[in-house]
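> Here is the input, now give the coordinates:
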Amino acid sequence: MADDRILEILTIQDDRERRIQLLILRLPEKAQSMVHWLRRPQAKWVRMPAGIALICGGCLAILPVFGLWMLPLGIMLLAEDVSFLRNLTNKALAWVERRKPHWMGLHAPATTL
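Sure thing, here's the model as predicted:
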């Protein structure tokens, strides 16, 4: 099932969308549906405050419950609406796909010596 979904995602032409869909596929099923809902254009008024709250929570990582994991998630949410952040996340996602493909559920390309 997951392999079929990965093959379907790999056919997406837009690099950014393909990379985001690969990351979403790695989430638990409940979280996937929440992220899909947040990414809808109508959810902008929920997405913006949630992104800001996650970034603020990431800055409070020294406290219990908060963590650095909140920072990139908040940036990814804000990047849906802020073009400057979208460009930065595109570069970061391209780096992850190149250097750490297993983070996206892909197999690392074979290297020859």
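
> gap between the lowest-mean-pLDDT helix or strand in the chain and the chain center?
Ranking every helix and strand in the chain by mean pLDDT, DSSP states H and E puts helix 2-10 at the bottom, with a mean of 81. Distance of helix 2-10 from its chain centroid, counting by CA atoms, centre = their mean, to the nearest Å, is 17 Å.

> For this protein, give me the ranges with low pLDDT.
Along the chain, the model assigns pLDDT under 70 to residues 1-2, 108-113.

> What is the neighbour count of Ala31?
11 (other CB atoms under 10 Å). All C-beta spots, glycine's among them, are computed from the backbone N, C-alpha and C.

> Not counting the helix or strand hosting it itself, show me its contacts.
Using DSSP states H and E, Ala31 falls within helix 29-39. For helix 29-39, the external contacting residues (CB atoms under 8 Å, 6 or more residues apart in numbering) are Ile20, Ile24, Leu25, Leu27, Ala43, Val46, Arg47, Ala50, Leu77, Glu80.

> which helices and strands does the helix or strand following that helix pack with?
Once helix 29-39 ends, the next helix or strand along the chain (criterion: DSSP H and E) is helix 44-59. Helix 44-59 sits against helix 29-39, helix 70-79, with contacts defined as 3 or more CB pairs under 8 Å, 6 or more residues apart in numbering; DSSP states H and E.

> returning to that earlier point: show me what the least confident helix or strand of the chain is packed against.
So helix 2-10, by 3+ CB pairs under 8 Å, 6+ apart, packs with helix 15-25.

> circling back to that earlier point, arrange the helices and strands packed on helix 44-59 in TSV, one row each, with distance to Leu10 as further columns.
What follows is the helices and strands packed on helix 44-59, written out as TSV (distance: least, CB to CB, whole Å):
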stretch	distance to Leu10
helix 29-39	17
helix 70-79	20
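
> Just name the most buried of the ones you listed.
helix 70-79 (a mean of 19; mean count of other CB atoms under 10 Å).

> Using PDB, write out every CA atom in that helix.
Output of helix 70-79 as PDB, limited to C-alpha atoms (Å, rounded to 0.1, in the frame of the first residue of the first chain):
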ATOM      1  CA  MET A  70       8.300  22.600  16.500                       C
ATOM      2  CA  LEU A  71      10.600  25.100  14.800                       C
ATOM      3  CA  PRO A  72      10.800  23.400  11.300                       C
ATOM      4  CA  LEU A  73       7.200  22.400  11.400                       C
ATOM      5  CA  GLY A  74       6.100  26.000  12.100                       C
ATOM      6  CA  ILE A  75       8.400  27.300   9.300                       C
ATOM      7  CA  MET A  76       6.900  24.700   6.900                       C
ATOM      8  CA  LEU A  77       3.400  25.900   7.800                       C
ATOM      9  CA  LEU A  78       4.300  29.500   7.300                       C
ATOM     10  CA  ALA A  79       6.000  28.700   4.000                       C
END
